[in-house]
Each structure stands twice: as structure tokens, then as C-alpha cells.
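A.B. asks: Dropping the sequence and predicted coords here.
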Amino acid sequence: MIPAPAFLANPERFMAFSRWAAPLFGLLAAALAAAGLWLGFAAPPDYQQGLTVRIMFIHVPAAQISMFAYVCLAVASFLSLVFRHVLADAAAQAAAPLGAGFTFLALVTGALWGRPMWGAWWVWDARLTSVLVLFLLYLAYMALRAAIDDEAKAGRAAAILALVGAVNLPVIKYSVEWWNTLHQGSTLFAEGGPALPAVYLTPLLLMSLSYLSAFGSLWLVRIRGEVWRRRAEAAALRQARG
């Protein structure tokens with residue numbers, strides 16, 4: 001296996017890998033989503049939540065990927081700062097808009113789920129508030145990169161922000177245990193095993209894998225686009241100087 005820093009230091013190796021991996025992950029995501037949605041909407045209504053339980057198949061995977069995307073952003077930022085790998089910086093930059101999109105989806109679907117369950121679209125619950133902070137961190141990362149003209153300086157400043165913001169991840173994870181919240185605890189990773197019947201667990205797992213594959217595909221595509229953009233700008237700069 002190629003160590004991560006070495007892999008990220010070789011754009012040509014990455015471009016060759018992502019050329020076939022991105023569409024493969026995309027096809028896998030579509031197949032998993034089709035199966036997950038079919039099983040999810042075929043599942044019977046929940047005895048307490050009724051048909052609104054089906055929002056779970058959209059909301060829970062989005063919440064999972066919102067955090068996973070930030071882990072990817074933080075790791076890529078760390079590698080960029082420590083090893084000065086340009087591709088790691090491109091990977092971090094490419095992950096931020098995707099993470100923001102998944103976090104926004106989690107917030108919106110959470111509001112749609114919370115309205116019939118809690119009687120309110122939004123409450124300043126510890127879990128909801130920390131996820132909102134995550135969304136704002138994504139926006140702050142993108143705004144900081146856009147505010148600094150020097151791309152190298154922008155990358156370093158944004159990477160530091162991403163690493164500082166990573167302290168919010170355990171707050172999101174353990175908020176339902178540290179504080180009294182309206183938000184329910186983990187059902188997939190509950191102590192003693194998943195706390196869901198198979199009729200809901202199977203489609204939820206399929207949708208989680210679908211979201212993960214979709215994120216992988218989109219992330220690779222965005223990194224490839226970022227590599228091409230930087231190459232084009234470097235070529236234009238050389239031409240202007242030459």
C-alpha cells in the first residue's frame with residue numbers, strides 16, 4: 001500500500017486512480033441508493049412516527065457524511081501543512097463545499113423530521129446547535145480561502161481553521177450523552193448492537209453506503225477539477241512570463 005503522503009505527493013498517480021475510481025463509485029452509489037430507497041419506502045410505517053420515519057433514510061446518512069467529510073478536510077489540511085503537498089491542499093479545498101452540502105441536507109431534513117416529532121422546526125438542542133456550527137465552519141473555511149489572494153497563504157490559513165474546527169466533531173458525536181437533549185442517541189452504533197429492526201436497518205445501511213460512495217465519487221471529481229485548474233493557471237503564468 002502506498003503511504004498517504006506519498007500518494008498525495010504524486011498527482012499523476014492520483015489522476016490515474018481517480019479516472020476510473022470516480023465513475024465506479026458513482027455507479028455504486030446509484031445502485032445502493034436505488035436498493036435503499038426501494039426497501040425504505042416499502043418498509044411499514046413506524047408505530048410512533050408513522051410515515052415520517054422514512055426521512056431517516058435521507059437524514060441519518062447525510063449527518064454521517066457531514067462529519068466524515070470534515071474528517072477528510074481536517075486530515076487533508078494536516079497533510080498540507082506538515083508535508084506541503086499541493087494535492088492534499090486541493091483535496092481539502094474540494095471537500096469543503098461537499099461537506100457543506102451534506103450538512104445543509106442534514107439540517108433541512110432534520111427540521112422536516114423534527115416538526116412532527118417535537119412540534120418545532122428548530123430547537124437549540126446540543127446536537128442541532130453543534131451541527132449548525134459544523135455548517136458555519138465549512139462556510140468559514142470557504143470564505144477564508146476566497147478572501148486571501150495568495151493561494152498558498154489562503155491554503156495555510158484555511159488549514160489551521162479546519163484543524164481548530166475539528167474539536168467540534170467530538171461535541172457533535174457525544175452531545176446526546178454529555179447533555180440532556182431532545183435528539184435521540186445513536187441507533188446504528190448503540191451499545192449491544194443496532195437498535196433498529198431489520199426492516200429499517202437494512203435500507204438505512206444501504207443508504208449510508210450510497211452516501212459514502214457518492215461523496216467519494218464527487219470528491220475525486222472535484223479534486224481532479226482543482227488539479228486541472230491549478231495546472232491551467234500555472235501554464236498561463238508561464239506563458240505570460242515567457
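C.D. replies: Everything's here; your move. All values derive from a computational prediction rather than experimental measurement.
A.B. asks: Residue 200 falls within a helix, correct?
C.D. replies: Yes: membership of residue 200 in a helix is supported by DSSP: H, G, I helix; E, B strand; the rest coil.
A.B. asks: how much space between the most centrally placed residue in the chain and residue 210?
C.D. replies: In the chain, the residue lying closest to the centroid (CA atoms, centre = their mean) is residue 69, at 2.9 Å. Going from residue 69 to residue 210 by CB to CB, to the nearest Å gives 15 Å. The C-beta positions use only the backbone N, C-alpha and C, and glycine is treated the same way.
A.B. asks: What of residue 12?
C.D. replies: For residue 12 relative to residue 210 (CB to CB), the value is 30 Å.
A.B. asks: ok, those two, which is more surrounded?
C.D. replies: Remark: of residue 12 and residue 210, residue 210 carries more neighbours, 22 against 8, as counted by other CB atoms under 10 Å.
A.B. asks: host element of the more buried one?
C.D. replies: helix 198-241 (DSSP states H and E).
A.B. asks: Then residue 176?
C.D. replies: Residue-wise, residue 176 maps onto helix 168-178 under DSSP H and E.
A.B. asks: mean confidence for that helix?
C.D. replies: The average pLDDT for helix 168-178 rounds to 84.
A.B. asks: Where does the prediction get shaky in the chain?
C.D. replies: Scanning the chain for pLDDT under 70 picks out the ranges 1-9, 178-195, 242.
A.B. asks: let's see 50
C.D. replies: Scanning the chain for pLDDT under 50 picks out the ranges 1-4.
A.B. asks: From residue 93, how far off is residue 81?
C.D. replies: 13 Å.
A.B. asks: Hmm, I typed the wrong one, I wanted residue 129.
C.D. replies: For residue 129 relative to residue 93 (CB to CB), the value is 27 Å.
A.B. asks: Quick check: closest non-adjacent residue to the residue nearest to the centre of the chain.
C.D. replies: Nearest residue to residue 69 in three dimensions, chain neighbours excluded: residue 99, at 3.3 Å (CB to CB, 6 or more residues apart in numbering).
A.B. asks: what's the helix or strand for the one you found?
C.D. replies: helix 86-118.
A.B. asks: Next, the buried residues of whichever helix or strand comes after that helix.
C.D. replies: Sequence-wise, the next helix or strand downstream of helix 86-118 (DSSP H and E) is helix 126-147. Neighbour-count burial for helix 126-147 flags 126-131, 134-135, 137-138, 140-142, 144-145 (criterion: 16 or more other CB atoms under 10 Å).
A.B. asks: So what's the gap between helix 126-147 and the chain middle?
C.D. replies: 12 Å (CA atoms, centre = their mean, to the nearest Å).
A.B. asks: what helices or strands is the helix or strand hosting residue 76 leaning on?
C.D. replies: Under the criterion of DSSP H and E, residue 76 resides in helix 56-83. Where contact means 3 or more CB pairs under 8 Å, 6 or more residues apart in numbering; DSSP states H and E, helix 56-83 is packed against helix 4-8, helix 11-42, helix 86-118, helix 126-147, helix 151-165, helix 168-178, helix 198-241.
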